[in-house]
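In: give the three-dimensional model of this entry:
(chains A, B, C and D)
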Protein chains: 2
Amino acid sequence: MEKSVIELEPAASVLKLLGDKTRLTMMGLLKDGECCVCEFVEVLQMSQPSISQHLRKLRDAGLVKERKKGQWVFYSLNPDHEAILLIERILTIIPDQMEKLNDLEKKGLRICCD
Amino acid sequence: MEKSVIELEPAASVLKLLGDKTRLTMMGLLKDGECCVCEFVEVLQMSQPSISQHLRKLRDAGLVKERKKGQWVFYSLNPDHEAILLIERILTIIPDQMEKLNDLEKKGLRICCD
DNA sequence: TGCATATATAAGCGTATGCTTATATACTGA
DNA sequence: TCAGTATATAAGCATACGCTTATATATGCA
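Out: Okay, the predicted model is just below:
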């Protein structure tokens, strides 16, 4: 069940994770649905290891879930996280990242993953 | 005027600042009104320089304002911050810090500042 | 003027963070 | 079975962070 109040320490941990431009963008992308690693790499224009390391932090903290399909790994928001309410509130207040995914699609780069 | 969407970079900066237990507690205290430095020191049980340095970060980022009165400096939330909506949303979701101030009052430690 | 109190700043230090490059692992298809 | 693609992990490094101790600044009061 969602809690409407989150204890200070876990709240600070979540905020710390989201207090990084790269990870915040990632979470913003995931708000609109799951993404695979290669999409993050394309959208964020960062090295694959760097992306992977950020994803690991998010996954270790339980903010995202992974789903493996073939050689790809898709990430999505974890709706069961204790601070999901806090996370959602934050994600609704930042600019929509969908546009970046659409740009990818135009370049034909998004079809790779399925 | 308050914006209902905050750009990603400034949002990340604010989240980073709030992603520290000490600063998040401080902001939680300020939600209920202004506090002077010595109160933070008492409530948080931290050294005065450490408190002062955290306050400086919050002030440099415009999250809090200061008001000098005599030898004391009172801090309060800055309602004009561009991300005030984000800040308020976060502060409403963490536990009320008022209790800690009340505890101080019981110990007679809060009367010092006026 | 001089001393006490409140706050800020500076310097130093151990640790955390985020990137890079190199390499390991996992899956797919020929 | 082997080569290619996707992802993860490891090691190294520069920088950021948060604390400590020491000191500076500012205000109030005798």
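
In: which residues of chain A fall in helices?
Out: Using DSSP state H, the helices assigned to chain A run over residues A:8-18, A:21-31, A:37-44, A:48-60, A:84-91, A:98-106.

In: mind checking those helices for the one nearest to A:Gln71?
Out: helix A:37-44 (9.9 Å; CB to CB). C-beta coordinates here come from the backbone N, C-alpha and C atoms, glycine included.

In: near chain B, which residues of chain A?
Out: Those residues of chain A that sit near chain B, judged by CB under 8 Å from any CB of the partner chain, are A:4-9, A:11-21, A:24-25, A:28, A:85-86, A:89-90, A:93-95.

In: A:Leu91 contacts A:Lys31, doesn't it?
Out: Yes: counting by CB atoms under 8 Å, A:Leu91 does reach A:Lys31; the two are 4.7 Å apart.

In: filter the residues of chain A next to chain B to the buried ones?
Out: A:6, A:11-12, A:14-21, A:24-25, A:28, A:85-86, A:89-90, A:93-94 (16 or more other CB atoms under 10 Å in any protein chain shown).

In: once you drop chain neighbours, what's closest to A:Ser76?
Out: A:Glu34 (3.9 Å; CB to CB, 6 or more residues apart in numbering or on different chains).

In: oh, that last question was meant for A:Gln48, not what I typed.
Out: A:Val41 (5.2 Å).

In: check contacts around that neighbour.
Out: A:47-48, A:51 (CB atoms under 8 Å, 6 or more residues apart in numbering or on different chains).

In: and for A:Thr25?
Out: Applying CB under 8 Å, 6+ apart, the residues near A:Thr25 are A:43-44, A:97, B:8.
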